[in-house]
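1. sequence plus the predicted model coming up.
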Amino acid sequence: MGIFSGANDTDTDTGSDREDRPYLKVGQRVLSIEKAILRKSTNENNSNTYKQWMVIIEFNVSENLSGDDMKTGKVIECLQRDLDGDLTQRGKYAMARIKGFVAAAVGVAPTEVDEDTLGAVLDPDSDGSALAGVSVVGTTTSFQTKAGGNFTPTTFLPLA
């Protein structure tokens with residue numbers, strides 16, 4: 001079973017404290033992709049029982065369309081999987097956002113993004129440069145979770 005197994009059955013969602021690479025804040029921006037890569041979590045203290053892979057996407061902000069001015073930003077999506085390898089519900093939500101990002105970046109319809117497409121642009125053995133220089137429009141929103149925390153997902157559209 002590949003890391004992107006389950007992508008074909010997942011819909012597409014087309015909607016940090018480090019100063020040099022903060023997480024994207026609420027707003028809409030034109031984003032130039034610097035790096036997009038798949039990495040295995042190195043958090044040994046994770047109390048959850050799933051296996052966790054992360055898609056890390058780093059951007060330069062070309063234009064702030066709304067929200068706070070930012071020069072750089074990053075998004076991390078966690079492809080959480082149960083021990084038997086199936087995506088958790090949270091993993092499915094993350095996969096939907098990843099598929100939306102890849103569709104916007106490569107300029108195809110979301111329905112055309114499959115395991116092969118994802119594997120080609122998010123190869124864990126690469127340096128993450130397959131999409132470098134490509135621009136997308138990112139919209140970051142925020143809402144309160146059931147647990148009381150804030151969740152700020154970003155959805156992506158192609159740059160028109």
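-> Nice, I can see it.
2. partners of the helix or strand containing residue 54 in the sheet?
-> Assigned by DSSP states H and E, residue 54 belongs to strand 51-67. Strand 51-67 has the following strand partners under DSSP bridges: strand 27-40 (antiparallel), strand 72-81 (antiparallel).
3. and the helix or strand containing residue 98 with strand 51-67, angle?
-> Assigned by DSSP H and E, residue 98 belongs to helix 89-106. Angle between the axes of helix 89-106 and strand 51-67 is 60 degrees (criterion: axes from the mean of the first three to the mean of the last three CA atoms, to 10 degrees).
4. ok, the helix or strand of the chain with the lowest mean pLDDT: who's next to it in the sheet?
-> Every helix and strand in the chain was compared by mean pLDDT, DSSP states H and E; the lowest is strand 150-151, with a mean of 86. Strand 150-151 has the following strand partners under DSSP bridges: strand 143-144 (antiparallel).
5. just to revisit the earlier point, just checking, what packs against the helix holding residue 98?
-> Contacts defined by 3 or more CB pairs under 8 Å, 6 or more residues apart in numbering; DSSP states H and E place helix 89-106 against strand 27-40, strand 51-67, strand 72-81, helix 115-121, strand 135-140, strand 154-158. Just so you know, the C-beta spots here come from the backbone N, C-alpha and C atoms, and that holds for glycine as well.
6. show me which residues of it are buried.
-> Using 16 or more other CB atoms under 10 Å as the burial criterion, the residues of helix 89-106 that qualify are 91-106.
7. could you dump that helix to CSV, C-alpha only?
-> Only the C-alpha atoms of helix 89-106 are listed here, as CSV (Å, rounded to 0.1, in the frame of the first residue of the first chain):
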residue,chain,number,x,y,z
GLN,A,89,-11.0,10.9,9.0
ARG,A,90,-8.5,13.7,9.6
GLY,A,91,-6.2,12.1,7.1
LYS,A,92,-9.0,12.1,4.5
TYR,A,93,-9.5,15.8,5.1
ALA,A,94,-5.8,16.5,4.7
MET,A,95,-5.7,14.4,1.5
ALA,A,96,-8.6,16.5,0.1
ARG,A,97,-6.6,19.7,0.7
ILE,A,98,-3.4,18.1,-0.7
LYS,A,99,-5.3,17.1,-3.9
GLY,A,100,-6.7,20.6,-4.2
PHE,A,101,-3.2,22.0,-3.9
VAL,A,102,-1.7,19.7,-6.5
ALA,A,103,-4.6,20.3,-8.9
ALA,A,104,-4.1,24.1,-8.6
ALA,A,105,-0.3,23.8,-8.9
VAL,A,106,-0.2,21.5,-12.0
